[in-house]
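Q: structure, please.
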Amino acid sequence: MSDIAFALHGGAGTIARHLLTPEAERDYRQALHDALLTGYDLLRQGAPALDAVQATVVFLENCPLFNAGRGAVFTHEGHHEMDASLMDGRTGQAGAVTGVRSIQNPITAARLVMDHSEHVLLAWPGAEEFARHHGLPMQPPEYFFTEHRYAQLQEALQSGQVRLDHSQAAPLEEPLPFDEDPKKKMGTVGAVARDQHGHLAAATSTGGMTNKRYSRIGDSPLIGSGTWADNRTCAISCTGHGEFFMRAVVAHDIACLMDYRGLSLAEACRVVVHDKLAPVGGEGGLVAVDAAGNMALPFNSEGMYRASIGSHSPLFVGIYRDE
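A: A predicted model of the protein is given here:
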């Protein structure tokens with residue numbers, strides 16, 4: 001039996017202390033803690049890395065605090081379009097769905113695509129037809145409705161902006177209470193793992209951006225951009241401004257820097273997140289684990305909801321840059 005390692009994120013962006021009440025911060029830290037142990041406990045019991053990351057992302061999709069599953073943001077038309085992907089570093093197999101509206105847990109649908117189809121990525125409405133055929137739980141629009149996400153949509157509609165959930169508008173002179181603040185940053189969720197057999201896996205899920213139109217798709221369901229896993233190098237799950245992460249093929253680029261240039265996980269992540277993304281405005285971050293069980297949780301934004309634990313790494317939960 002070898003070392004196990006597990007890390008997750010719940011979104012990166014302008015996450016400032018003045019935007020979170022003490023009660024909200026406590027809720028986020030508890031949710032990150034519980035999600036982390038969901039996956040880590042499975043690893044300790046001998047579960048495959050792929051099952052661990054999927055279970056943790058399901059937990060985060062079911063938590064309305066985060067922009068995935070039940071907490072997904074609203075599109076311009078007032079509905080939800082959710083994306084998810086996962087990849088098995090042992091086999092190189094992957095699955096993803098995009099634009100789904102009714103699937104309770106999009107990451108479970110992505111796993112279904114990987115395990116029970118010849119494809120990697122299915123889009124709405126076919127992805128939902130496929131999920132229904134295989135008996136996945138569906139939910140009505142009311143299930144995905146949360147008051148603070150609806151408030152975000154109304155604010156975006158009034159301003160005429162498409163609002164990335166990871167970016168910050170002009171700061172409020174007097175921050176609103178947590179439940180009323182339309183500028184809270186919850187973002188994409190994701191997890192990476194190394195199991196006791198040395199296998200790696202990654203999973204990512206998101207509700208996209210508030211007020212998005214024209215079936216916009218970000219990096220989260222795209223293998224190589226938002227999600228990557230290869231036993232030889234690393235497993236990556238990204239969060240941030242999707243357009244930049246797509247153009248930089250962030251997740252795969254980190255793996256390539258390790259594979260072709262021999263960089264360490266930490267150095268490869270630093271090069272991509274800070275040297276490549278930051279100068280061009282690519283705000284965000286990622287969680288990563290390598291073949292030896294080393295972990296990295298880099299980000300170039302003000303904060304990132306994140307947590308990690310390993311055989312030789314104590315449990316860590318962080319939100320702000322100075323943690």
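Q: so residue 104 makes contact with residue 140?
A: No. In this structure, residue 104 is not within contact of residue 140 by Cβ atoms under 8 Å, at 10.4 Å. From N, CA and C alone the C-beta is placed, and that goes for glycine too.
Q: quick one, which of those two is more surrounded?
A: residue 104 (19 against 8; other Cβ atoms under 10 Å).
Q: for the more buried one, what are its contacts?
A: 61, 69, 136, 137, 138, 139, 143 (Cβ atoms under 8 Å, 6 or more residues apart in numbering).
Q: now do the SS call for the last one.
A: Under DSSP: H, G, I helix; E, B strand; the rest coil, the three-state class of residue 143 is helix.
Q: ok, the nearest residue to residue 222 once chain neighbours are set aside - how many residues close by?
A: Of all residues not flanking residue 222 in the chain, residue 246 sits nearest, at 6.3 Å (Cβ to Cβ, 6 or more residues apart in numbering). When neighbours are counted by other Cβ under 10 Å, residue 246 registers 19.
Q: one step back: considering the contacts of residue 104, which possesses the most neighbours?
A: Top of these by neighbour count (other Cβ under 10 Å): residue 69, with 30 neighbours.
Q: give the contact list for that residue.
A: 58, 60, 61, 62, 63, 82, 104, 105, 106, 144, 205, 207.
Q: possible to save the contacts of residue 104 as TSV with distance to residue 279?
A: Listed next are those as TSV, based on distance: Cβ to Cβ, whole Å:
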residue	distance to residue 279
61	33
69	33
136	42
137	43
138	43
139	41
143	41
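Q: between those, which is nearest residue 121?
A: Closest approach between the contacts of residue 104 and residue 121, by Cβ to Cβ: residue 136, at 16.6 Å.
Q: where's the residue nearest to residue 222, which helix or strand?
A: helix 242-248 (DSSP states H and E).
Q: name the surrounding residues that touch that helix.
A: Under the contact criterion Cβ under 8 Å, 6+ apart, helix 242-248 has outside partners 209, 217-220, 222, 225-226, 238, 251, 272, 276-277, 280-284.
Q: same thing with stretch 133-141?
A: 79-80, 101-105, 108-109, 112, 116, 128, 131-132.
Q: can I get the contacts of residue 104 in TSV with distance to residue 124 and pLDDT?
A: Output for the contacts of residue 104, formatted as TSV (distance: Cβ to Cβ, whole Å; pLDDT from 0 to 100):
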residue	distance to residue 124	pLDDT
61	16	98
69	15	96
136	14	98
137	16	97
138	13	98
139	14	96
143	17	94
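Q: ok, so of those, who is nearest residue 255?
A: The closest of the contacts of residue 104, once distances to residue 255 are taken by Cβ to Cβ, is residue 61, at 25.5 Å.
Q: report the separation between the nearest residue to that closest one once chain neighbours are set aside and residue 303.
A: Spatial nearest neighbour of residue 61, excluding adjacent residues (Cβ to Cβ, 6+ apart): residue 69 at 2.7 Å. Distance, residue 69 to residue 303, by Cβ to Cβ, to the nearest Å: 22 Å.
Q: re the thing from before, least confident pick among the contacts of stretch 133-141?
A: Across the contacts of stretch 133-141, the smallest pLDDT goes to residue 79, namely 90.
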